[in-house]
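A.B. asks: mind looking at a prediction? Sequence and model below.
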Amino acid sequence: MTLGVVGSMGALAGARVLTSAGARGAPPDPRLRSFHMPLESAPHTRTFMQWPIALSVYGRRDLSEVQQAIVTIANAIAEFEPVVLLAADTARTGHKTGLSAAVEIWDIPTDDLWCRDSGPTFVVDGAGALAVAHLRFNGWGNKQGFANDGLIAERVAARLGVPLLETGLVGEQGGVEHDGAGLLLAHESCWVNPNRNRLGRDDIAGRLCQALGAQQMIWAPGVIGADITDYHIDALARFVGPGRVLIQIDDEIDPADPWSRAAHQTLRVLEQARDLQGRRLQIVKLPEPEKTRSNAPDFVSSYINYYVCNGAVIAAEFGDPRTDDLVRERLADLYPGRDIVMLNVDPIGESGGGIHCATQQQPAAGAKIPPHA
């Protein structure tokens, strides 16, 4: 399993630093107990994305290519549901060539593109009311600047007029998967880590469950320090429904590859895990591409990092006809009735992420927890 670097280790000028100790001192908002985060495949009101402007991270040539990949993703999603692109006034002119008129722009400043991590984590209550569970973003453990991105969740919540509910956690939504019916999955490496949270594992699990409306956490070890995210789970494994998980993995462990070793550790944890009713999880596997168009050393070739929107699954293809076609067929089986749209967004992969990393869903009012089937 190859996982690359999101952006770079370069810091942005003027970035504020959020210490994990600050989150430790803030207790979770008790109102969170009334909310839950619906499965991504539940109906959406809109998708949020962020416009990257960080020359210090990408350089001018690479930034232009990444920006155009964001345009490609936004236009594809806009065929199925409303899209809001967050971007300050200063980023509007001369950059978004080809952006669909259906994509709305909100004047909220951004640094980078990773809306899954710095964007708002939306939750709904039993009456369908919306709130934001505030997972505070600190640049993946203060590895990259976040002067604007660290404020996005609260600014979006303010614009929508919805409550911003303190979770008492520093972290990123890309680092936790949920099945929409009470079960969470995460790598310890990006949560039980002093660069984000100086809390015990059980305390972090409890706060994550409270933040997302879950009852049980599945922890796998992950990898600390080998990439900027400390191994986000959404590059490796995703819940596709209650108690059902999809994982991208080679048949055999490569002992020389730390990502391969960690991926197979996660697979073993999933094979031993049980759902809330004590049943084994249903595990579906996807292959790694055997070849890719990009030879970038940190290229993320994750089919798993797809995004489910209203009526479609938006996924990456990497130029390997055999695995691209196989993944298209498997996603169609897993998400019946949805179009499977596969895009060449290699500049995003070369930046260390994927389509899921670049998107954030706002669930529709009244989104419900699905029955545990």
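C.D. replies: The structure has been received and is ready for your questions.
A.B. asks: C-alpha only now, for contacts and for neighbours.
C.D. replies: Fine.
A.B. asks: send me the host helix or strand of Leu326 as CSV with only the CA atoms.
C.D. replies: Secondary structure from DSSP states H and E places Leu326 in helix 321-334. Taking C-alpha atoms only, helix 321-334 is exported to CSV below (Å, rounded to 0.1, in the frame of the first residue of the first chain):
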residue,chain,number,x,y,z
PRO,A,321,-7.1,-0.9,-17.9
ARG,A,322,-7.4,-4.2,-16.0
THR,A,323,-7.8,-2.8,-12.4
ASP,A,324,-9.6,0.4,-13.5
ASP,A,325,-12.3,-1.7,-15.2
LEU,A,326,-12.4,-4.2,-12.3
VAL,A,327,-12.9,-1.4,-9.8
ARG,A,328,-15.6,0.2,-11.9
GLU,A,329,-17.5,-3.0,-11.9
ARG,A,330,-17.1,-3.6,-8.2
LEU,A,331,-18.2,-0.1,-7.3
ALA,A,332,-21.3,-0.6,-9.5
ASP,A,333,-22.1,-3.7,-7.5
LEU,A,334,-21.6,-2.0,-4.2
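A.B. asks: and after that helix, which helix or strand comes next?
C.D. replies: Helix 321-334 is succeeded, C-terminally, by strand 339-343 (DSSP H and E).
A.B. asks: hmm, Pro109 is touching Ala147, no?
C.D. replies: No - with contact defined as CA atoms under 8 Å, Pro109 does not reach Ala147; the gap is 9.3 Å.
A.B. asks: what ranges does the stretch 51-200 of the chain have for its strands?
C.D. replies: Assigned by DSSP state E, counting those that start in this stretch, the stretch 51-200 of the chain shows strands spanning 83-86, 103-106, 121-125, 130-136, 164-170, 176-178, 183-187.
A.B. asks: cool, and the stretch 201-350 of the chain?
C.D. replies: So, for the stretch 201-350 of the chain - with DSSP E, counting those that start in this stretch - the strands run 216-220, 237-241, 244-248, 282-286, 307-309, 312-316, 339-343.
A.B. asks: elements contacting the fifth one?
C.D. replies: Read that as strand 307-309. Secondary-structure packing of strand 307-309 (3 or more CA pairs under 8 Å, 6 or more residues apart in numbering; DSSP states H and E): strand 312-316.
A.B. asks: each with direction, which strands does the strand it packs on pair with?
C.D. replies: Its sheet considered, strand 312-316 pairs with strand 307-309 (antiparallel), strand 339-343 (parallel) by DSSP bridges.
A.B. asks: which residues sit against it?
C.D. replies: 73, 76-77, 80, 302-303, 305-308, 331, 335, 338-345, 354-355 (CA atoms under 8 Å, 6 or more residues apart in numbering).
A.B. asks: so which strand or helix has Pro38?
C.D. replies: Here Pro38 is assigned to no helix or strand, by DSSP H and E.
A.B. asks: quick one, which of the strands of the stretch 201-350 of the chain gets closest to Trp191.
C.D. replies: strand 216-220 (10.0 Å; CA to CA).
A.B. asks: so that closest one versus strand 183-187, what angle?
C.D. replies: 20 degrees (axes from the mean of the first three to the mean of the last three CA atoms, to 10 degrees).
A.B. asks: and strand 216-220, what other elements does it pack with?
C.D. replies: Under the contact rule (3+ CA pairs under 8 Å, 6+ apart), strand 216-220 is packed against strand 183-187, helix 201-212, helix 258-272.
A.B. asks: single out the most deeply packed of those.
C.D. replies: Burial of the helices and strands packed on strand 216-220 is given as mean neighbour count (mean count of other CA atoms under 10 Å); strand 183-187 ranks first at a mean of 24.
A.B. asks: which residues does the spatially closest residue to His134 that is not a sequence neighbour contact?
C.D. replies: Excluding the flanking residues, the one nearest His134 by CA to CA, 6 or more residues apart in numbering is Glu166, at 5.2 Å. Applying CA under 8 Å, 6+ apart, we find Glu166 in contact with Ala26, Pro27, Pro28, Asp29, Ala133, His134, Leu135.
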